[in-house]
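[1] Here is a sequence with its predicted model. Questions after.
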Amino acid sequence: MRYLILAALAAMSSLCQAATGVAFVHGTGKQTNATADYWQPTMVNNVRAGLPDPNNYVVINCDFTKYMWDTDAAGCLAGQLTSFIAAKNIDRLIIITHSNGGNVVRWILSNPTYDSRYPDIIAKTVRVNALAPSSAGTPLADAVINGNVFETSVGWLIGYKSDAVRQQQQSWMAYYNANNLYGTSGRPALPKTFRTVVGTDVDSAVWDSDSYCGGYFENVGLETTQLWLNTCSDGFLNCSSQSAAGTVWFQDKSRMAGSEPLSHNQSRRACFGLDSILRTDMSK
Amino acid sequence: MRNQLIALILASVSLPVLAINSGVDTPRRGDLVADGLVALPAPAGQIERKPLSFSWALDPNASVGEQTPYTSESREFWTQVEGIELSKGFAIDTSAPGAVIRISPIGKAAPVSPDRLDLLRDGKSIASALAFSQRTTAAQLQQAGMPIDSGAAVVQIDAAQGQGRFQLQMSAANGRYLVHVFEPASPYVLHASTDRANLLAGGEVEVRAMLGKGSTGLAGSQLAGLLVSPSGKSYDIVFKAGSNGMQRAMARIPVDAGSEPGLWDVQVFAGASDGGGRIQRDTRTAISVAQPTARLGSSYDFDAMNLGFRLPVQVGSPGRYELRGTLFATGPDGVARPVSEAHSAAWFERGQRALTLTFERAHLPAGYGAPFEVRQVQLNDQSRMGQLESRELAARFGSPAPVVAQLPSPKPAVIAPNKPGVIVPTPGRGGARRFDSGE
């Protein structure tokens, strides 16, 4: 009986010491101050405020112009997550990703034996909230890369596109989803929950104040990029790509204030209550 | 408790009997198998050296199956134009209203401003306000996340202008330009696919492509193609006309293909005339090419107690190799479903090695047991990012089952509930034997 009591106390003690943390993982690009340049402080601060200890957060700054498995991409992410987990004694990690950040995290979840830091990250992860992940690539990557169809003769003329852009061509993501990544249709599930927030449309009317959330100028171009996309898109990704891996947590209009859509730039910003939903999720 | 102890003892007694050694299933259509191995130097870079294993449970109700190669679709094409031609008016045939045109300066050509583009029809200028429904700068598109080149611009021909031949004019054009025409509403589509997504150096891939209107191939379509390595080295693809407008080409991968990261592109260009206009389309799809640095052996060991699946690996080149596979177990209804995913990787020097997939018995849902199958098996070269071998079905076991004298024989077709750590052989359906858990 005494052993039972001791065991129960130990379990309770363990629960008391449990620390939940959140990691913000940016999308394509090389970030050195993602808080200011990618997410903006309002988004980060509002979300982490939902944690039992709001200091248990990390904003990742890595080079996601590289292939997802690259030392500077998933390797850098693994290093920063491992340091964060150790420094804060995190045993419940919630990861928030945006865009191609979802692919880098999915690489870690799908390839646990690639790097000895991956298994512990996976073990500590309770879920990934993937905001507009480019899980099946984007026709926009095809459009800009296909300009390099003349690459062998005049490639230098058109300029080099980053490996991350090459990777997000639809045919390339189809390959990686079928061979190196999990969570898409007909493939084994990921070892941890990967749920997505899907942006379905873009508002960029100059008279509509909603167009200004996240930056009006950033939304204007999305009206044109939508020309390459399906009716259901966030201006950068088709809904089908955002929904290709894991499970759909919700589509923007079903949860956003005023049933507003989330453009691809707005789904990483404190727009229409997205930050509140994520904040509430921190305590679950 | 007493029963559990007895069962554990019995299970441990039966362990040697439950270790199975057998041959890997014969490769099937679509499987990737190396004929020989190459000896390459150890790859450079930061590569993990620790042996690692990992597994996780799968939901048996979520299907896992063979993946079909990607089929690309294109309603767009790219071409180059000299500045002098663009300054006079470059002819563009459109097959649907609302064509989107992107113009990018090449090298030191003058940058393009969407406000300085004019649209003509039959040599007559269309009023600026009526010509384009969208005019977007490179900066706006870059802000939107589309990494187009600085100095480029995108316009969309107003749908009210209809389709047919237009001339795009930029008076200040100077140098050479890349013109990209995308027709989102066009019925003319170029489809392209390959018969396989993974190849080894020296292998051959079939490329299939069709320029069609709807599902009908356009008569007289001219197709050409390029196979382009990640480093930009290209090889011609020559198509032959087939039935229903489908054209096919066989492309051989060079034996000395490099191991640089990234996929190979299969680029296809098509042209035809229809309805008095020119139809042009370009597309591409991707394949993976690897040097055969290792391959699986022809036999396996299966430890039924620990659900361990050990495969020999012949290593031709030093590197880090990963084995992954999905365990299918038989459910109460006799249907095999995915229950566990396992990976195992290690750094190996040349020689005979082995990797073991350890599927945890705790991953077996209640009522699931033998016969087991290991499917979706891949051998990957993690250090060179290449797939070396794949087997849709590598092994099936559970027959014939060993007889453990100490245990009563369960009735046929009755599957005992699973208990982790305890294995009892029982007869399976159709005369096959299955391993099940039970007390």
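    Nice, I can see it.
[2] Nearest spatial neighbour of the most centrally placed residue in chain B, chain-adjacent residues omitted?
    The centroid of chain B falls nearest to B:A197 when counting by CA atoms, centre = their mean (5.4 Å). In space, and not counting its chain neighbours, B:A197 is closest to B:P69: 4.7 Å by CB to CB, 6 or more residues apart in numbering or on different chains. Using the backbone N, CA and C atoms, a C-beta is placed for each residue, glycine as well.
[3] What of A:Q80?
    Counting by CB to CB, 6+ apart, A:Q80 lies nearest to A:I60, which is 5.4 Å off, once chain neighbours are set aside.
[4] The residue in the stretch 101-250 of chain A that chain B sits nearest to: helix or strand, and which one exactly?
    Residue nearest to chain B within the stretch 101-250 of chain A: A:G221 (3.1 Å; CB to the nearest CB). Assigned by DSSP states H and E, A:G221 belongs to helix A:216-225.
[5] Quickly find the element holding residue 272.
    Using chain A here. Here A:F272 is assigned to no helix or strand, by DSSP H and E.
[6] let's do chain B instead
    Here B:A272 sits within strand B:264-274, counting by DSSP H and E.
[7] tilt between the helix or strand following that strand and strand B:264-274?
    Next helix or strand after strand B:264-274 toward the C-terminus (DSSP H and E): strand B:277-290. With axes from the mean of the first three to the mean of the last three CA atoms, to 10 degrees as the basis, strand B:277-290 and strand B:264-274 are set at 170 degrees to each other.
[8] gap between strand B:277-290 and the chain center?
    16 Å (CA atoms, centre = their mean, to the nearest Å).
[9] Kindly report the same for stretch A:81-89.
    19 Å.
[10] Give the buried residues for that stretch.
    A:L81, A:T82, A:F84, A:I85, A:K88 (16 or more other CB atoms under 10 Å in any protein chain shown).
[11] Please report the distance of the fourth one from chain B.
    I take that to be A:I85. For A:I85, the distance to chain B equals 17 Å [CB to the nearest CB, to the nearest Å].
[12] same deal with the third one?
    Here A:F84 is placed at a distance of 20 Å from chain B (CB to the nearest CB).
[13] residues in contact with the closest residue to that residue other than its chain neighbours?
    In space, not counting the residues next to it along the chain, A:F84 is nearest to A:V58; the distance is 4.1 Å by CB to CB, 6+ apart. Taking CB atoms under 8 Å, 6 or more residues apart in numbering or on different chains, we find A:V58 in contact with A:G21, A:V22, A:A23, A:F24, A:Q80, A:L81, A:F84.
[14] now swap in B:A290 and tell me
    B:N198, B:L199, B:L200, B:A201, B:S259, B:D381, B:R384, B:G386, B:Q387, B:L388.
[15] quick revisit: the helix or strand hosting the residue nearest to A:F84: how far from the chain's middle?
    Assigned by DSSP H and E, A:V58 belongs to strand A:57-59. Its chain's C-alpha centre lies 13 Å from the corresponding centre of strand A:57-59 when counted by CA atoms, centre = their mean.
[16] and what of stretch B:247-262?
    15 Å.
[17] Enumerate the beta-bridge partners assigned to the closest residue to chain A within the stretch 251-400 of chain B.
    Nearest residue of the stretch 251-400 of chain B to chain A (CB to the nearest CB) works out as B:A345 at 3.7 Å. Note on B:A345: beta-bridge partners by DSSP bridges are B:L52, B:E322.
[18] could you point out which element follows the helix holding A:G221?
    As assigned by DSSP H and E, the chain's next helix or strand after helix A:216-225 is helix A:239-242.
[19] if we can go back for a sec, double-check the residue nearest to A:Q80 against A:V22; I have them as touching.
    No. Applying CB atoms under 8 Å, one finds A:I60 not in contact with A:V22, separated by 11.0 Å.
[20] Of all the residues in stretch B:296-304, which ones are buried?
    Buried residues in stretch B:296-304 (16+ other CB under 10 Å): B:L296, B:Y300, B:F302, B:A304.
[21] so A:P188 sits in a strand?
    No. If the criterion is DSSP: H, G, I helix; E, B strand; the rest coil, then A:P188 is coil and not within a strand.
[22] tell me the contacts of it?
    With CB under 8 Å, 6+ apart, A:P188 has these contacts: A:Y182, B:L58, B:V64, B:T326, B:P338, B:E341, B:Q376.
[23] Let me know how buried the first one is, in neighbour terms.
    What it means is A:Y182. A count of neighbours around A:Y182, defined by other CB atoms under 10 Å in any protein chain shown, yields 22.
[24] Who are the contact partners of the closest residue to it other than its chain neighbours?
    Nearest residue to A:Y182, sequence neighbours excluded (CB to CB, 6+ apart): A:S110, at 4.4 Å. Residues near A:S110 by CB under 8 Å, 6+ apart: A:N180, A:L181, A:Y182, A:G183, A:L190.
[25] who's in contact with the first one?
    It stands for A:N180. Here A:N180 is in contact with A:W69, A:W107, A:S110, A:N111 (CB under 8 Å, 6+ apart).
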